[in-house]
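when you get a sec, could you give me coordinates for this:
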Amino acid sequence: MPPIIPILLVLLIAIFVVLKITSARGSEVSEEQMATYSKWLRILVPAVLIAAAIRYFFF
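Numbers count the residues shown, from 1 in each chain. A predicted model of the protein is given here:
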């Protein structure tokens with residue numbers, strides 16, 4: 001069995017467990033929190049994409 005199969009299985013199980021735990025203990029997000037997260041995401045997503053492109057082309 002290739003080593004990637006057990007790694008993927010462990011990752012899938014870990015994601016499933018985390019989703020179950022977080023969905024059971026989740027909390028509501030207020031409109032103010034949503035606006036704050038949206039503002040930060042509009043800044044961080046392009047920054048991460050630019051950083052990934054710089055890393056890909058120069059390193």
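
buried sites along the helix or strand of the chain with the lowest mean pLDDT?
Each helix and strand of the chain was given a mean pLDDT (mean pLDDT, DSSP states H and E); the minimum falls on helix 4-24 at a mean of 93. When burial is assessed from 16 or more other Cβ atoms under 10 Å, helix 4-24 yields no buried residues. C-beta here means a position set from N, CA and C on the backbone, and glycine is covered the same way.

list the buried residues in the following helix or strand past it.
Per DSSP states H and E, helix 4-24 leads on to helix 31-58 as the next helix or strand towards the C-terminus. Buried residues in helix 31-58, counting neighbours by 16+ other Cβ under 10 Å, are absent.

can you list the helices and strands that helix 31-58 packs against?
With contacts defined as 3 or more Cβ pairs under 8 Å, 6 or more residues apart in numbering; DSSP states H and E, there are no secondary structure elements packing on helix 31-58.

show the average pLDDT along that helix.
The average of the pLDDT scores along helix 31-58 is 96.

thinking again about what came up before, what helices or strands is the least confident helix or strand of the chain leaning on?
Based on contacts counted as 3+ Cβ pairs under 8 Å, 6+ apart, there is no element that helix 4-24 packs against.
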